[in-house]
Structures are given as C-alpha cells and as structure tokens.
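*Asks:* Here you go, sequence then predicted model.
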Amino acid sequence: MIDKNFTPERKQFFQTINSELEEKLFCSKETYVHPSSIIGPNVTLEENVKVGPFCIIIGNTKIGCNTRIFSHASIGIPANDTSAQKNLGSIEIGKNCEIKEFVNIHSSKKIGGKTKIGNNCYLMNFTHFAHDVILEDNVTIINNVNLAGHVHIEKNVMVMANCALHQFCKIGKFSCLTPFSGTRQDIPPFCSLTGQPARFSGLNLIALKRAGFLKKDIDSLKHVTKLFFQDKILLNNIIKLAKDNLDDWGGNKHVLEFIEFIKNSERGVSRRVFCYKENIK
C-alpha cells in the first residue's frame with residue numbers, strides 16, 4: 001500500500017538523504033548524524049563522529065573522535081535493573097571505535113558511575129554491554145556477546161561470537177574467549193579459554209605474535225601456565241619458583257603480570273583445562 005501522504009517533495013527529501021548516507025558515513029571528515037537518529041541534549045559528539053540511521057544516544061554520553069556508530073545502536077538507556085528508573089552516571093566511548101548494528105550500551109547503575117569503552121574498540125552486531133562495564137583499548141567483541149554489569153576487559157582482548165560473561169568478571173589483556181563460551185570467573189592475561197564453563201586451552205599465540213612478543217616471552221608464559229593449569233601447583237609455590245629463576249622465566253615481566261593478576265583476582269581463576277580428546281564423541 002502506498003502512503004497518500006508520501007508527496008513528491010517528501011520522496012525527494014528521502015532520496016537526497018539516502019544518496020548522501022554512504023558519502024557522509026564512510027568518506028567525509030566531519031561529524032554526521034542521520035536524520036532518523038535521536039541524540040539527547042547531554043550527548044557530546046567529538047570531531048568526525050558518524051551516527052547511522054535509527055540510533056538512540058541519550059544520557060550523559062561522550063563519544064570520541066572518528067568513532068562510527070551504525071544503524072539501530074542504542075546507547076545510554078538505563079541499566080537492566082528494576083531499581084534503575086533513569087539514567088545515572090555517564091558513558092564514555094573512546095576514539096576510533098566501530099560500533100556495529102544493534103549494539104546496546106547501558107548507562108551506569110549508580111550516580112557518579114561510568115560505563116566506559118576505550119579507544120580502537122570493535123563491537124560487532126547485537127552485542128550487549130551492561131551497566132558499569134569497562135573495556136580498555138583495542139578490544140574486539142564479536143557478534144551476540146553478552147557482558148553483564150561491572151565486567152572489566154583489559155586491552156587487546158578478543159571475545160568471540162555468542163559468549164557470555166558473568167557480572168564482575170575481569171578478563172586479562174591479550175586473552176581470548178572462543179565462540180559459545182561462558183565464564184563466571186576471571187580469565188588471566190595472555191590465555192585462550194573455551195567451553196562452558198570456560199577452560200584453559202593454551203596461550204593466545206596469534207595475538208601475542210601479532211603484538212611482537214619475543215620467543216623468550218612466549219616460552220616463559222608457556223612455562224608458568226603449565227605450572228598453574230596443568231601441574232596445578234599452588235600459586236605461592238609458583239611465586240617461590242619464579243623468585244628462584246629470576247634470570248630465566250621467573251623474571252619475565254609478562255610472567256609477573258600473569259602471577260599478579262591471579263593474586264589479585266576477586267572472582268577466582270578456574271584451573272580447568274580443555275582436553276580435545278575428551279570432547280570427541
């Protein structure tokens with residue numbers, strides 16, 4: 001059925017908008033908001049931010065320069081909590097981020113709180129970022145991932161499709177969670193985990209090599225992760241072994257970061273190990 005109110009002038013108006021969309025979204029060097037999107041009065045868009053069709057951005061929200069937000073994204077809606085009846089706190093999204101279709105980012109659950117997305121983050125379709133989530137720089141979140149409230153993801157992490165993270169979990173830098181995995185505990189840096197619940201399946205070697213980690217760094221991390229996950233040596237004993245081998249693996253800065261993360265973990269780190277043969281039916 002043709003809308004009788006769709007006049008030639010109105011038709012021409014939409015044709016002009018549609019013809020400009022690709023040019024404005026992908027090629028221009030100025031801030032652009034599609035006319036179908038809603039931008040609240042307390043939203044700050046920095047230089048060259050792009051907002052595609054049918055987006056809603058409200059609340060005390062700041063979006064860094066060169067960030068692109070594609071269609072139907074929802075940013076600044078109150079937290080999914082019966083006690084949250086309005087926007088509280090703020091949302092900060094960094095520079096050079098890609099926020100794809102149907103992403104939703106919720107505002108903080110408390111006054112003075114913050115939901116924060118770092119620089120150079122890539123958030124794919126249908127990903128959900130609950131209240132007070134923190135993503136550091138260079139994080140990639142693939143389709144249909146759900147992050148509960150207060151999840152903290154350190155830099156250079158990849159969370160693959162259809163994963164779920166329990167509230168207050170912390171994910172260490174350069175780690176990876178493979179598709180359809182879930183965790184209720186913290187994930188140490190430099191590791192790859194898989195399954196439900198997530199289990200250690202090795203180092204995140206691709207990310208480490210791409211980041212320029214030296215062979216001696218990788219070998220040192222292999223040694224300490226073997227002690228922790230496969231050999232199940234107590235953390236205090238691993239710390240003593242590291243001190244006895246400071247000139248070798250024990251003095252490696254990445255090993256010390258791995259140990260420090262586990263020592264400070266609030267939700268704990270599982271020592272489950274993924275065994276491929278056990279999962280063949």
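*Replies:* Structure received.

*Asks:* and residue 26, that one's in a strand?
*Replies:* No. According to DSSP: H, G, I helix; E, B strand; the rest coil, residue 26 belongs to no strand; its state is helix.

*Asks:* what pLDDT does it get?
*Replies:* Looking at residue 26, its pLDDT stands at 77.

*Asks:* can you give me the mean pLDDT across the host helix or strand of residue 116?
*Replies:* Assigned by DSSP states H and E, residue 116 falls within strand 114-117. The pLDDT scores in strand 114-117 average 97.

*Asks:* packing partners for the helix or strand just after it?
*Replies:* Next helix or strand after strand 114-117 toward the C-terminus (DSSP H and E): strand 122-123. For strand 122-123, the elements it packs on are strand 98-99, strand 140-141, judged by 3 or more Cβ pairs under 8 Å, 6 or more residues apart in numbering; DSSP states H and E. For the C-beta atoms, the positions are set from N, CA and C on the backbone; glycine is no exception.

*Asks:* Could you measure from residue 88 over to residue 116?
*Replies:* Separation of residue 88 from residue 116 (Cβ to Cβ, to the nearest Å): 14 Å.

*Asks:* What of residue 22?
*Replies:* In terms of Cβ to Cβ, residue 22 sits 30 Å off from residue 116.

*Asks:* related to what we said a few turns ago, same for the strand holding residue 116, what does it pack against?
*Replies:* strand 90-93, strand 104-106, strand 134-135.

*Asks:* List the buried residues in that strand.
*Replies:* Using 16 or more other Cβ atoms under 10 Å as the burial criterion, the residues of strand 114-117 that qualify are 114, 115, 116, 117.

*Asks:* Run a quick check on the second one versus residue 106, I expect a contact.
*Replies:* Yes. Under the criterion of Cβ atoms under 8 Å, residue 115 makes contact with residue 106 at 6.4 Å.

*Asks:* Give the residues shared as contacts by the two.
*Replies:* 129, 131, 133 (Cβ atoms under 8 Å, 6 or more residues apart in numbering).

*Asks:* What is the burial count for the last one?
*Replies:* Here the count is done by other Cβ atoms under 10 Å, and residue 133 has 24 residues near it.

*Asks:* hang on, isn't it packed against residue 141?
*Replies:* No. With contact defined as Cβ under 8 Å, residue 133 does not count as touching residue 141 (10.2 Å).

*Asks:* quick revisit: I'd like the helices and strands packed on strand 114-117 laid out as JSON lines, including mean neighbour count and distance to residue 59.
*Replies:* Converted to JSON lines, the helices and strands packed on strand 114-117 look like this (neighbours: other Cβ atoms under 10 Å; distance: least, Cβ to Cβ, whole Å):
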{"stretch": "strand 90-93", "mean neighbour count": "22", "distance to residue 59": "6"}
{"stretch": "strand 104-106", "mean neighbour count": "24", "distance to residue 59": "9"}
{"stretch": "strand 134-135", "mean neighbour count": "24", "distance to residue 59": "17"}
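
*Asks:* now these in TSV, with distance to residue 50 and mean pLDDT?
*Replies:* Formatted as TSV, these follow (distance: least, Cβ to Cβ, whole Å; pLDDT from 0 to 100):
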stretch	distance to residue 50	mean pLDDT
strand 90-93	12	96
strand 104-106	16	96
strand 134-135	20	98
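
*Asks:* For residue 74, which of these is the nearest?
*Replies:* Comparing these by their distance to residue 74 (Cβ to Cβ), the top pick is strand 104-106, with 4.2 Å.

*Asks:* Run through the neighbouring helices and strands of that closest one.
*Replies:* Checking 3+ Cβ pairs under 8 Å, 6+ apart, strand 104-106 ends up next to strand 74-77, strand 114-117, strand 128-129.

*Asks:* Any regions of the stretch 51-200 of the chain where pLDDT drops low?
*Replies:* Of all residues in the stretch 51-200 of the chain, none has pLDDT under 70.
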